[in-house]
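Peer 1: For reference, the sequence and a predicted model appear below.
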Amino acid sequence: MDRFAAPKFGVSFSRLDSALGEDGCLRWYFWRSYGSWKGWERDAPPDAALAYRLGKMRSLAALAGAAVHEAAQHVFGNTSQGLSVWPADKLAQETANAFMGDVRRILPQDLHSSSKRKPALQEAVYGVWDQDPRSEDFDRTTAKRLKPGTDGFRQALNREVVFYEERIRVSVQVLTELPLLKHLASGAYRLERMEQLTEIQVPFEGSEDTFTAWISPDMLLSRPDVGRYLLVDWKSGEAKEGHIEQLGLYAMEAVQAGIPPSDVGLMLVYLSEESELRRVQVYPCRQQLVDEARARLQAGAGQLRELAVDGDVVANRPVEMERFTQLAEGSSRCGWCEYRMLCGRD
Ligand code: SF4
């Protein structure tokens, strides 16, 4: 089958959350999965071309996250191979420089001339709040978005860049201080893989048909001496209940490969958490957690399947747009959604 004939039906934790979670939006799912399809083609319909470009935009948060992940690859990748690792200060500086380089590279990029390799910066397309959105005084009803060319845009953008630069420095410091590194250096742990996108096949509930689930834990380590595994995920924001559920989903792959859940440990590392006590959270992986993650995946995939004509996820054509429910105007989720231009909420 021509792999460009239809968008591939599949779910990931973040896609399910963005489409069906507490603040999820099915219209977002439409633009991400169907509305942007073939938007890369020269003669694409205007909405598809726009949705495609909007979907490729990068936000400062995403650029900062990517820079920290690069730093993690350096620290854990080199340590596992017995290679030298930059001192924390130098690594933090280099990581912040890489982030700044990315910002400078894509900032001048106009949305309509952006490409997959050179996307537009979300903050330049939609603007930056004139008030600090993290401040206790932030008032969404009076705050204005400043766009390039308007008074104050540079200053507001700079405020955001400085915030993420600082977050990068803290995150890199935390990474370099993790006790896991010592275990890796001593050979007690072995690095199996980092940030590898993996597909697993999961049956739809009550059916033999399967769907693809995309999983990408940040790191998988093993303890060769006792035959145990440790799944690790970095988090840049605050702790949320769903994070452990996400790890349960990642553990499904190990369980499907025949590893008993009791041999898998789960670790969440909160990279911007000041308290050392709350920074690293370790959980046992119980069968119940894996079962719950699987049930959530199946329920979510089942709901999304109903949005494909006749539930046919191979042809995977969307039902009428109205069934992809739009969030109410003024919803705070729309404030950071990449597709709000298409929903008329620019
Ligand atoms: S702008 Fe709001 S309604 Fe439109 S896709 Fe985004 S979250 Fe949904």
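Peer 2: Thanks, I have the structure now.

Peer 1: which one is residue 4 nearest to, not counting chain neighbours?
Peer 2: Excluding the flanking residues, the one nearest residue 4 by CB to CB, 6 or more residues apart in numbering is residue 38, at 7.4 Å. Glycine gets a C-beta too; all of them are placed from N, C-alpha and C.

Peer 1: what about the residue in the stretch 101-250 of the chain positioned nearest to the ligand, how many neighbours?
Peer 2: Closest to the ligand within the stretch 101-250 of the chain is residue 126: 10.5 Å, counting by CB to the nearest ligand atom. Number of residues near residue 126 (other CB atoms under 10 Å) recorded here: 22.

Peer 1: How many residues are close by the nearest residue to it once chain neighbours are set aside?
Peer 2: Spatial nearest neighbour of residue 126, chain neighbours left out: residue 145 (6.4 Å); criterion: CB to CB, 6+ apart. Burial measure for residue 145: 15 neighbouring residues, criterion other CB under 10 Å.

Peer 1: for the helix or strand that residue 47 is a member of, the distance to its chain's centre please.
Peer 2: Assigned by DSSP states H and E, residue 47 belongs to helix 46-56. Distance of helix 46-56 from the chain centroid (CA atoms, centre = their mean, to the nearest Å) equals 19 Å.

Peer 1: Give me the buried stretch members for that helix, please.
Peer 2: For helix 46-56, the neighbour count (16 or more other CB atoms under 10 Å) marks 48-56 as buried.

Peer 1: Check whether it comes into contact with the ligand.
Peer 2: No: remark: helix 46-56 sits outside contact range of the ligand, by CB under 6 Å from any ligand atom, the gap being at least 9.8 Å.

Peer 1: Now do the same contact list for the nearest residue to residue 58 once chain neighbours are set aside.
Peer 2: Using CB to CB, 6+ apart and skipping the chain neighbours, the partner closest in space to residue 58 is residue 119 (5.1 Å). By CB atoms under 8 Å, 6 or more residues apart in numbering, residue 119 lies in contact with 53, 56-58, 106, 109.

Peer 1: what about residue 119, distance to residue 64?
Peer 2: The gap separating residue 119 from residue 64 is 15 Å, by CB to CB, to the nearest Å.

Peer 1: swap in residue 291?
Peer 2: For residue 291 relative to residue 64 (CB to CB), the value is 35 Å.

Peer 1: When these two are compared, which one has more neighbours?
Peer 2: Counted by other CB under 10 Å, residue 291 and residue 64 do not tie: residue 64 has more neighbours, with 25 against 14.

Peer 1: and the helix or strand encompassing that one, what other elements does it pack with?
Peer 2: Using DSSP H and E, the element containing residue 64 is helix 60-80. On a contact count with 3 or more CB pairs under 8 Å, 6 or more residues apart in numbering; DSSP states H and E, helix 60-80 meets helix 88-106, helix 122-126, helix 153-177, helix 179-186, strand 190-194, strand 228-235.

Peer 1: can you list the ones you listed in a markdown table and add mean pLDDT?
Peer 2: Shown next, in a markdown table, are the helices and strands packed on helix 60-80 (pLDDT from 0 to 100):
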| stretch | mean pLDDT |
| --- | --- |
| helix 88-106 | 96 |
| helix 122-126 | 95 |
| helix 153-177 | 96 |
| helix 179-186 | 94 |
| strand 190-194 | 94 |
| strand 228-235 | 94 |
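
Peer 1: got these as JSON lines, with distance to residue 270 columns?
Peer 2: What follows is these, written out as JSON lines (distance: least, CB to CB, whole Å):
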{"stretch": "helix 88-106", "distance to residue 270": "17"}
{"stretch": "helix 122-126", "distance to residue 270": "24"}
{"stretch": "helix 153-177", "distance to residue 270": "8"}
{"stretch": "helix 179-186", "distance to residue 270": "14"}
{"stretch": "strand 190-194", "distance to residue 270": "18"}
{"stretch": "strand 228-235", "distance to residue 270": "5"}
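
Peer 1: Could you check the chain and say which of its helices or strands has the lowest average pLDDT?
Peer 2: helix 276-279 (a mean of 84; mean pLDDT, DSSP states H and E).

Peer 1: Tell me how far it lies from the chain's centre.
Peer 2: Distance of helix 276-279 from the chain centroid (CA atoms, centre = their mean) equals 23 Å.

Peer 1: do the same with stretch 123-139
Peer 2: In terms of CA atoms, centre = their mean, the centre of stretch 123-139 is set 21 Å apart from its chain centre.

Peer 1: just stretch 80-100 next, same as before
Peer 2: With CA atoms, centre = their mean as the basis, the mean position of stretch 80-100 lies at 22 Å from the chain mean.

Peer 1: okay, that stretch in PDB with CA atoms only?
Peer 2: Extracted as PDB, the C-alpha positions of stretch 80-100 are listed here (Å, rounded to 0.1, in the frame of the first residue of the first chain):
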ATOM      1  CA  SER A  80      28.000   4.600  29.400                       C
ATOM      2  CA  GLN A  81      30.900   4.400  26.900                       C
ATOM      3  CA  GLY A  82      33.500   5.400  29.400                       C
ATOM      4  CA  LEU A  83      34.100   8.700  27.500                       C
ATOM      5  CA  SER A  84      34.700  12.100  29.200                       C
ATOM      6  CA  VAL A  85      31.700  14.300  30.000                       C
ATOM      7  CA  TRP A  86      31.900  18.100  30.000                       C
ATOM      8  CA  PRO A  87      31.800  19.700  33.500                       C
ATOM      9  CA  ALA A  88      28.300  20.800  34.500                       C
ATOM     10  CA  ASP A  89      29.000  24.500  34.000                       C
ATOM     11  CA  LYS A  90      30.400  24.100  30.500                       C
ATOM     12  CA  LEU A  91      27.600  21.700  29.500                       C
ATOM     13  CA  ALA A  92      25.000  24.100  30.800                       C
ATOM     14  CA  GLN A  93      26.600  27.000  28.900                       C
ATOM     15  CA  GLU A  94      26.900  24.900  25.700                       C
ATOM     16  CA  THR A  95      23.300  23.700  26.000                       C
ATOM     17  CA  ALA A  96      22.000  27.300  26.500                       C
ATOM     18  CA  ASN A  97      24.100  28.400  23.500                       C
ATOM     19  CA  ALA A  98      22.600  25.600  21.400                       C
ATOM     20  CA  PHE A  99      19.100  26.800  22.400                       C
ATOM     21  CA  MET A 100      19.900  30.400  21.600                       C
END
